[in-house]
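Colleague: This is a predicted model, with the sequence first.
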Amino acid sequence: MSKRPMLLLSIVERDKGKKLIKKLEDISILVNFQTVGYGTAPTEMMDIFGLGTRDKDVVISLGTQESIKNMMANFGLVFESHSKYGGLMIILELSAASRILTEILDITGNKSTEKGDGAMKNEHHNNLIVISVNEGYSEDVMQAARKAGATGGTIIKGRLAEIEQFSGFAKTGADGEREILCILAPQKITKQIMDDVNKSFGITSDANGILFAIPTQKAYKI
């Protein structure tokens, strides 16, 4: 079985992150990180999808391809209620990882006894769009993304580590404090969303936006 690592990005209701991590640990996905964020979806959209409050726990998990494949093959058994955590789980394939990390994941992944149903299929029907902007611009960015077809996103606070280097590319002074907006969007509208956001909030704007998109293997409601 391949040692290639995979990543789970889970965005769930506040205070449900620890519960999700415990469930992941039970199925041998033992490398987990937790932070906080808040959702941008309008109230009516949150009600439709049962996503609860705007406050979110963000859980980043790493596992082997085998452990993730086993989870996907038995998803209905592992997550009995798809609305138990009030959010989404997005599966992403990593292109590289450190040797020690792959060895750690391989050791923990070997604890899994469940069998999957063959090689994973890379569906790529959706992309995870990641947009980093100066603090205070994420809501305006989300409005532009919605006009292009996005339905909602999650904002995570962060800091720019090398502000001096970044400022050399920006038209105006870049802020150290950043907001990172994560949007799950269909592949067919990803380019339009990114083009529209970049036009008004790109690197040469006051928002100093940086954008990129990652193809997703799969996305589940949990």
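Modeller: Arrived safely.
Colleague: Same question for whatever helix or strand Lys19 lives in: list its buried residues.
Modeller: Per DSSP states H and E, Lys19 falls inside helix 17-26. Residues of helix 17-26 classed as buried under the neighbour-count rule (16 or more other Cβ atoms under 10 Å) are 17, 20-21, 23-24. In short, each C-beta sits where N, CA and C put it, glycine included.
Colleague: Quick one: find the helix or strand in the protein with the lowest mean pLDDT.
Modeller: None of the helices or strands of the chain scores lower by mean pLDDT, DSSP states H and E than helix 43-49, at a mean of 47.
Colleague: per-residue confidence averaged over whichever helix or strand comes after that one?
Modeller: Next along the chain after helix 43-49, taking DSSP H and E as the criterion, comes strand 55-64. Mean per-residue pLDDT for strand 55-64: 92.
Colleague: what residue ranges in this protein score low on pLDDT?
Modeller: Scanning the chain with the threshold set as pLDDT under 70 gives 1-3, 41-53, 81-83, 107-124, 161-175.
Colleague: Let me see the domain layout of it.
Modeller: 5-120, 126-216 (automatic domain parsing).
Colleague: Please enumerate the helices of this structure.
Modeller: Along the chain, the stretches classed as helices by DSSP state H are 17-26, 43-49, 65-73, 75-78, 99-109, 138-147, 163-167, 187-201.
Colleague: between those helices, which one is nearest to Val36?
Modeller: Closest of the helices of the chain to Val36 is helix 17-26, at 8.4 Å (criterion: Cβ to Cβ).
Colleague: Tell me the helices and strands packed up against the closest one.
Modeller: Secondary-structure packing of helix 17-26 (3 or more Cβ pairs under 8 Å, 6 or more residues apart in numbering; DSSP states H and E): strand 5-13, strand 31-39, strand 55-64.
Colleague: Export the ones you listed to a markdown table and append columns for mean neighbour count.
Modeller: Putting the helices and strands packed on helix 17-26 into a markdown table (neighbours: other Cβ atoms under 10 Å) gives the following:
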| stretch | mean neighbour count |
| --- | --- |
| strand 5-13 | 23 |
| strand 31-39 | 16 |
| strand 55-64 | 22 |
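Colleague: Those: which one's closest to Gln187?
Modeller: So among the helices and strands packed on helix 17-26, strand 5-13 is nearest, using Cβ to Cβ, at 17.1 Å.
Colleague: Given that closest one, what are its sheet partners and their directions?
Modeller: strand 55-64 (antiparallel), strand 88-93 (antiparallel) (DSSP bridges).
Colleague: how deep is the residue nearest to Tyr38 when sequence neighbours are not counted tucked in, by neighbour count?
Modeller: The shortest distance from Tyr38 to any non-neighbouring residue, by Cβ to Cβ, 6 or more residues apart in numbering, is to Arg54 (4.9 Å). Per other Cβ atoms under 10 Å, the neighbour tally for Arg54 reads 16.
Colleague: Tell me if I'm right that Arg54 and Gly39 touch.
Modeller: Yes - in this structure Arg54 lies within contact range of Gly39 using Cβ atoms under 8 Å: 4.7 Å.
Colleague: what bridges to Val59?
Modeller: Ser10, Gln34.
Colleague: check contacts around it.
Modeller: 8-12, 17, 20-21, 24, 32-34 (Cβ atoms under 8 Å, 6 or more residues apart in numbering).
Colleague: Could you do Ile210 as well?
Modeller: For Ile210, counting by Cβ under 8 Å, 6+ apart, the contacting residues are 131-133, 203.
Colleague: if I look at the spatially most central residue of the chain, how far off is Asp196?
Modeller: Closest residue to the average C-alpha location of the chain: Leu9 at 4.2 Å, with Cα atoms, centre = their mean. According to Cβ to Cβ, to the nearest Å, Leu9 and Asp196 sit 23 Å apart.
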